[in-house]
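Enquirer: any chance you can model this:
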Amino acid sequence: MSQHTHLPILAAQRAKGRVALSVICDIQHDRASSAKERFAFAEQSADAFSVIARDDIDAVYIFGMARAASIYLSRSQLRRRMRKPFG
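Expert: Residues are numbered from 1 along each chain as shown. Next comes the predicted model:
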């Protein structure tokens, strides 16, 4: 679903200069690699927590089938959530 819905929307926002697609994270290397190439992310990673902790990442967009939801978080929201997990 992400490569058919979420990522094309984010790529369109990048084309308008509204976002930068810095890092794609997925625990499945093949999916991350495919998305990185298809949507021109600068990097890929399997470790979302280390990416979230980076100072150069200002916001994240989280999506997944586990909760069937998408979440956009700013850096300040991320730091609060890292102290208090989702749920």
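
Enquirer: beta partners of the spatially most central residue of the chain?
Expert: Closest to where the C-alpha atoms of the chain average out (CA atoms, centre = their mean) is residue 61, at 4.4 Å. Taking DSSP bridges as the rule, residue 61 bridges to residue 72.

Enquirer: hmm, residue 6 and it touching each other?
Expert: Yes. Counting by CB atoms under 8 Å, residue 61 touches residue 6, with 7.2 Å between them. (Each C-beta comes from the backbone N, C-alpha and C, glycine too.)

Enquirer: re earlier: against residue 38, how distant is the residue nearest to the centre of the chain?
Expert: Distance, residue 61 to residue 38, using CB to CB, to the nearest Å: 16 Å.

Enquirer: which stretches of the protein have low pLDDT?
Expert: Residue ranges of the chain with pLDDT under 70: 1, 64-87.

Enquirer: quick one, helices of it?
Expert: 7-15, 29-39, 48-52, 75-83 (DSSP state H).

Enquirer: for the longest one, C-alpha coordinates in CSV please.
Expert: So the one you mean is helix 29-39. Output in CSV follows, covering the C-alpha atoms of helix 29-39 (Å, rounded to 0.1, in the frame of the first residue of the first chain):
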residue,chain,number,x,y,z
HIS,A,29,15.8,-4.7,2.8
ASP,A,30,14.3,-5.4,-0.6
ARG,A,31,11.3,-3.1,0.0
ALA,A,32,13.4,-0.3,1.4
SER,A,33,15.8,-0.6,-1.6
SER,A,34,12.9,-0.6,-4.1
ALA,A,35,11.2,2.4,-2.5
LYS,A,36,14.6,4.3,-2.3
GLU,A,37,15.1,3.8,-6.0
ARG,A,38,11.6,4.4,-7.1
PHE,A,39,11.0,7.5,-5.1
